[in-house]
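Visitor: what's the 3D shape of this:
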Amino acid sequence: MLSALRNAFKVKELRNRILFVLAMMVVYRVGTYIPVPGVDLSIYKEILFGGAGGDIFSFLDLFAGGALSNFTVFAMSISPYITASIIIQLLGGVVPYFQELQKQGPEGRKKLVQYTRYGTIILALVQALGITLTIKSAVINPNFFNLLLIVVSLTAGTAFLMWLGELITEKGIGNGISIIIFTSILARFPSDITRMTALVRTGDIGFVNVLFFLVLAVVIIAGVIFIELGERRIPVQYSKRIVGRKVYGGRNTHIPMKINQAGVIPVIFASSLLMFPAVIAQLIPVRFFQALAGWLSPGKPVYIIIYAALIFFFTYFWTAFTFNPEELAENMQKYGGFIPGIRPGKATEKYLDKILVRITLAGSLFLMAIALLPYLFTAITKVSISFGGTSILIMTGVALETMKQIESHLLLRHYEGFMK
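Guide: Numbers count the residues shown, from 1 in each chain. Purely as a prediction, here's the structure:
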């Protein structure tokens, strides 16, 4: 591991990318300390975190790295961008215009990214307006200009994070949005560990319960690594072709089909999508919506059922979006490749699709179990801290994906990678 890290810093391009990511993480953390002007923080915390919706906003605060509880310009984090991305991807499956854009290659993707940006700004404005009206009594001088300033500050913060995430993806290593979420969760570790230590000292939490939680964390990390690295290898043979005096092809290879093609994207999507209606419901002062917000609080039965269903759905949805059996079968047939015992063309496509459905089922069920296990643990031991199963799941998945990208850069330059 250490030698691989040393090799990574020997390559100038890779070193610059890693340093760029670290610099952007620092920029993000600095932004989480820039407060939104004109708000009484004590009254604000009492309004958002003191009532029945406190669990929802505490969970959102985890993805904001503490920015929501301190009401800084990054208070809404990157959640509107994630929600907008989900909506655009879903539209790509049902609306012909968006389906066409997905098939147009780089130009189509550019338009989809642009629509995602517009959607992010609209959702951010709606969410910022809702928060501003809810905390109006905490605004020191609640005139039109000050309320507008708060809405603009929150929306601009989300827009900046959207740009920062895209910049990290383009010039750094890993997925920029995932890196921002990773940084947010990591930033909460010191305060959470301090709080847990204080609870152990006062006797509110038993030492055995903490030990049990640590064992659970290790199980989750091991499970995520196991499922991320697990794959089924489909053997492929290429027939020999003679062109002039040269012989091409005639080699054996395989198609690595991962058990979990989607990574931790389903967990991030499910958490963000479930939180958005819960927050809006909490901000609407109507009894039904208040009750809805209570049902959608993390850990409640309705929340757990919908959360599990969304993880299952998004695992299949994202796998279908990233892995195309039809295109793969066409390319294999084009270059003389075939799966032993399977006819090239449509038969190969059906075979790959059948295998994909089966292994994705195993991956989705495993992902659901890992994500929901901490809720069962909390119910038994009464230990509830913000860096629970979802956080560990996301952090481990993001770290693995980033490590794989660094690995690919090293192998291209004939260096030994992380995984031997």
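Visitor: could you say what helices and strands the host helix or strand of Phe145 packs with?
Guide: Assigned by DSSP states H and E, Phe145 belongs to helix 144-171. Helices and strands touching helix 144-171, by 3 or more CB pairs under 8 Å, 6 or more residues apart in numbering; DSSP states H and E, are helix 12-31, helix 79-94, helix 106-134, helix 176-187. Quick note: C-beta positions are derived from backbone N, CA and C, even for glycine.
Visitor: so which of those is the most packed in?
Guide: helix 176-187 (a mean of 22; mean count of other CB atoms under 10 Å).
Visitor: pLDDT on that helix, on average?
Guide: Mean pLDDT, helix 176-187: 87.
Visitor: what does it contact?
Guide: 21, 24-25, 28-29, 32, 62-67, 77-78, 81-82, 161, 164-170, 172, 264, 268, 387, 391, 394-395, 397-399, 401-402 (CB atoms under 8 Å, 6 or more residues apart in numbering).
Visitor: dump the residue contacts of the residue most central in space within the chain.
Guide: Centroid check for the chain by CA atoms, centre = their mean gives Ile268 as the closest residue, at 3.6 Å. Residues in contact with Ile268 (CB under 8 Å, 6+ apart) are 82, 178, 181, 394.
Visitor: mind redoing it with 7 Å?
Guide: 82, 181, 394 (CB atoms under 7 Å, 6 or more residues apart in numbering).
Visitor: Now the first one: closest residue in space that isn't a chain neighbour?
Guide: Looking back up the chat, that one is Ile82. Ser272 (4.1 Å; CB to CB, 6 or more residues apart in numbering).
Visitor: How about Leu101?
Guide: Gly108 (3.9 Å).
Visitor: I'd guessed that neighbour sits against Tyr97; true?
Guide: No: judged on CB atoms under 7 Å, Gly108 makes no contact with Tyr97 at a distance of 10.4 Å.
Visitor: so how far is the strand or helix carrying Glu349 from its chain's centroid?
Guide: Element membership of Glu349, judged by DSSP H and E, is helix 346-381. Relative to its parent chain, helix 346-381 has a centroid offset of 17 Å by CA atoms, centre = their mean, to the nearest Å.
Visitor: Check which residues of that helix are buried.
Guide: For helix 346-381, burial by neighbour count (16 or more other CB atoms under 10 Å) applies to 348-349, 351-353, 355-356, 359-360, 363-364, 366-368, 370-375, 377-378, 381.
Visitor: so what secondary structure elements neighbour that helix?
Guide: helix 207-229, strand 231-238, strand 252-258, helix 265-283, helix 301-322, helix 325-334, helix 389-412 (3 or more CB pairs under 7 Å, 6 or more residues apart in numbering; DSSP states H and E).
Visitor: Would you mind telling me which of these is nearest Arg15?
Guide: helix 389-412 (10.2 Å; CB to CB).
Visitor: which one is Asp61 nearest to, not counting chain neighbours?
Guide: Spatial nearest neighbour of Asp61, excluding adjacent residues (CB to CB, 6+ apart): Leu68 at 4.2 Å.
Visitor: From Leu393, how far out is that neighbour?
Guide: Per CB to CB, to the nearest Å, Leu68 is found 21 Å from Leu393.
Visitor: same check, this time on Pro96
Guide: For Pro96 relative to Leu393 (CB to CB), the value is 36 Å.
Visitor: These two: which is more packed in?
Guide: Leu393 (24 against 7; other CB atoms under 10 Å).
Visitor: The more buried one and Val224 touch, don't they?
Guide: Yes: Leu393 is in contact with Val224 according to CB under 7 Å; the separation is 5.9 Å.
Visitor: which residues touch stretch 356-371?
Guide: Counting by CB under 7 Å, 6+ apart, 220, 223-224, 227, 232, 257, 259-261, 266-267, 308, 311-312, 315-316, 319, 323, 325, 389-390, 393 sit against stretch 356-371.
Visitor: Using CSV, list the CA coordinates for it.
Guide: Extracted C-alpha coordinates of stretch 356-371, given in CSV (Å, rounded to 0.1, in the frame of the first residue of the first chain):
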residue,chain,number,x,y,z
LEU,A,356,-26.7,-9.5,-15.3
VAL,A,357,-30.2,-9.7,-13.8
ARG,A,358,-29.2,-12.6,-11.6
ILE,A,359,-25.9,-11.2,-10.2
THR,A,360,-27.5,-7.7,-9.7
LEU,A,361,-30.2,-9.3,-7.6
ALA,A,362,-27.5,-10.7,-5.3
GLY,A,363,-25.7,-7.3,-5.3
SER,A,364,-28.9,-5.3,-4.5
LEU,A,365,-30.0,-7.6,-1.7
PHE,A,366,-26.5,-7.5,-0.1
LEU,A,367,-26.4,-3.7,-0.4
MET,A,368,-29.9,-3.4,1.2
ALA,A,369,-28.8,-5.7,4.1
ILE,A,370,-25.6,-3.7,4.7
ALA,A,371,-27.5,-0.4,4.6
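Visitor: Let me see the mean pLDDT of that stretch.
Guide: Mean pLDDT, computed over stretch 356-371, is 86.
Visitor: what does stretch 151-167 give?
Guide: 93.
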